[in-house]
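[1] Let me see the structure of the following:
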Amino acid sequence: MKADELSAYAGRWVATIGQRVVAQGGTPSQALKAAKAACFKETPQVVYVASTQPILFPEILTQISSILPPDLPVFLVGGAVRDALLQKESHDLDFVTVRDSLAAGRKVANALEGAFYVLDDQRQTARVVLKDKHGARQTLDFALMRGSSIEADLLDRDFTVNAMAVDIRSPHALLDPAGGTADLLAKKLRACSPQAMRNDPIRVMRGVRLAAAYSFHIHLETRHNMRQAAAGLSEISPERLRDELWRILSGVQPGTVLRALDLLGALHYITPEIEALKGVSQSFPHTEDVYQHTLNTLHQMEKLLGFLSSTPHPDESGNLWLGLLSAKLGRYRPYFQPYLQTQLNPDRSFRGMLLLAALYHDAGKPATREVEAAGRVRFFSHEVTGEKLATQRGRALALSNVEIERIATVVRHHMRPMLLANQAKEPSARAIYRFFRDCGEAGVDICLLSLADTLSTYGTSLDQNTWMQHLNVVRKLLEAWWETPQKSVLPPALLNGDQIMAELNLPPGPVIGELIELLREAQVCGEIRDRQQAIDYLHSWSKNQSKPAANDG
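    Sure thing, here's the model as predicted:
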């Protein structure tokens, strides 16, 4: 047949008899089965009609094809195929083999000098982690085919747009048994089967995340099935919940995704402390309840991270708040870019950690809410209660101790820049030193959260003076941390612990650490400048300690 006669079937497998198309399908077996039903006495020829839009796959497919035995069928499946159709680059590739998936993964890891991990021995799933010359990670997952064929494997997956595959040795012949290509073009997110959500409720979270990331409209029946399956999230392992939540927080529109999960009845099973914020009213300058304020803070945090980690944006000149932000903090863009690449855990993004801290920054408000006689609502020590709740949730999600401590520190101290901004003067050297003494590296996280918190708190009522005061405080804090750390945060020690013990004839103990801290603060504040002044300062302290207490009688 002529190419133009087949153009209507682009991206599909067709069965032909002579010069006539008798059937079509998303896979060769689908086309053949349909053809035999229509023309059971004749033997059709099944061919793939290439799409006019080329499919861009990662170059590594060619390498893997040459590494693995030619008699081993291997398929690239899922999101990487979807992204290739959308002309998007993917760094996470999923492969399905008909046998020996662990051995295949190990062989690829050895050949490409990557790290190899068995993810699930029972299900024969393994992961290969590679790094390019720039340090960027690429993960290759190898799994055993589920079902009797690649078609059965794909139809057992979550959504049609993820139920596509290509043979790595014939990457331009798409296998699409569920009609994912059509749904992709229509921007429709549709489950592969009515049982898909119930079979694995984590797909409820994944579906909402994909809808936000790709501007998909969730099919009505699929949305209904999601709502029915939401309660099943209570049976999902903490690790799987954590990983999907992290993808949500690391992706686009995390606040919108969480709102959608709430509408589906799923939020209660993921972050019950956040659901508890609904309806908790606040006084001025807050314009919304704690729940809406929290999700708006996520939105503002997302905008700030994008704004401060990129090159100057054209919107700066047309937006007063962005313009002022750029004027005060724009010089720190080169610092923010590597800062956001920080790795507290190699498997989870730093951005996800920042957004989780923002999500829990006001989690303590429901338990601490008080209404004064005049009607003003107060939340005394809500940050202390919030720290405990964030720690508990971090443990429930199986986060590392380093991540939990960082999130807890951010929640515990998130009010401090705002309190400094409310003072008449700029923060003193002592206040800046004590801020970083208590917060450490989390101080930068807190600065960002404080800006997002302020934008969310005031909304359209934010005035220029309030915003400028806050920016000035954050600028002073960032200047101390990134530009003058040896002067403002951690000056070189004038005396060490042994020298202090010798000068004051003291035994080892906690007091020595306290004295080192005392000297460092005095040094930052300009009260001592050299070793001799440090010695004199210590003796003055010792003399005051030995004075008898005043008689109050």
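[2] For residue 55, what are phi and psi?
    phi -90, psi 120 (degrees, to the nearest 10).
[3] mind listing what residue 458 touches?
    Residues in contact with residue 458 (C-beta atoms under 8 Å, 6 or more residues apart in numbering) are 285, 287, 466. C-betas here are computed from N, CA, C, even on glycine.
[4] Which single one of the residues you listed is nearest to residue 483?
    residue 466 (25.2 Å; C-beta to C-beta).
[5] Which strand or helix spans the spatially closest residue to the closest one that is not a sequence neighbour?
    Excluding the flanking residues, the one nearest residue 466 by C-beta to C-beta, 6 or more residues apart in numbering is residue 458, at 6.8 Å. Residue 458 belongs to helix 442-458 when assigned by DSSP states H and E.
[6] quick one: residue 467 and residue 454 touch, right?
    Yes - if you go by C-beta atoms under 8 Å, residue 467 and residue 454 touch, sitting 7.2 Å apart.
[7] who has more neighbours, the two?
    residue 454 (23 against 20; other C-beta atoms under 10 Å).
[8] who are the neighbours in contact with residue 221?
    Residue 221 is in contact with 190-191, 194, counting by C-beta under 8 Å, 6+ apart.
[9] still on that earlier bit, could the contacts of residue 458 be laid out in TSV, adding secondary structure and neighbour count?
    What follows is those, written out as TSV (DSSP: H, G, I helix; E, B strand; the rest coil; neighbours: other C-beta atoms under 10 Å):
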residue	secondary structure	neighbour count
285	coil	13
287	coil	16
466	helix	16
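[10] Just send those back as a markdown table, with pLDDT too.
    Converted to a markdown table, those look like this (pLDDT from 0 to 100):
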| residue | pLDDT |
| --- | --- |
| 285 | 92 |
| 287 | 89 |
| 466 | 94 |
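[11] Any chance of a markdown table for the residues you listed, columns distance to residue 107?
    Shown next, in a markdown table, are those (distance: C-beta to C-beta, whole Å):
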| residue | distance to residue 107 |
| --- | --- |
| 285 | 61 |
| 287 | 59 |
| 466 | 61 |
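[12] Among those, which one sits closest to residue 342?
    Nearest to residue 342 among the contacts of residue 458, with distances taken as C-beta to C-beta, is residue 466, at 30.0 Å.
[13] mean confidence score for the helix holding residue 458?
    For helix 442-458, the mean pLDDT works out to 97.
[14] now stretch 42-59
    81.
[15] Convert the helix of greatest length in the chain to PDB, retaining C-alpha atoms only.
    Among the segments of the chain that qualify as a helix by DSSP state H, the longest is helix 290-308. Output in PDB follows, covering the C-alpha atoms of helix 290-308 (Å, rounded to 0.1, in the frame of the first residue of the first chain):
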ATOM      1  CA  VAL A 290      -4.700  28.000  58.500                       C
ATOM      2  CA  TYR A 291      -5.300  25.400  55.800                       C
ATOM      3  CA  GLN A 292      -5.700  27.800  52.900                       C
ATOM      4  CA  HIS A 293      -2.800  29.900  54.300                       C
ATOM      5  CA  THR A 294      -0.500  26.800  54.400                       C
ATOM      6  CA  LEU A 295      -1.300  25.700  50.800                       C
ATOM      7  CA  ASN A 296      -0.800  29.300  49.600                       C
ATOM      8  CA  THR A 297       2.600  29.300  51.400                       C
ATOM      9  CA  LEU A 298       3.500  26.300  49.300                       C
ATOM     10  CA  HIS A 299       2.600  28.200  46.200                       C
ATOM     11  CA  GLN A 300       4.600  31.200  47.200                       C
ATOM     12  CA  MET A 301       7.600  29.000  48.200                       C
ATOM     13  CA  GLU A 302       7.500  27.300  44.800                       C
ATOM     14  CA  LYS A 303       7.500  30.700  43.100                       C
ATOM     15  CA  LEU A 304      10.400  32.000  45.200                       C
ATOM     16  CA  LEU A 305      12.500  28.900  44.600                       C
ATOM     17  CA  GLY A 306      12.000  29.300  40.900                       C
ATOM     18  CA  PHE A 307      12.600  33.000  41.000                       C
ATOM     19  CA  LEU A 308      15.800  33.100  43.100                       C
END
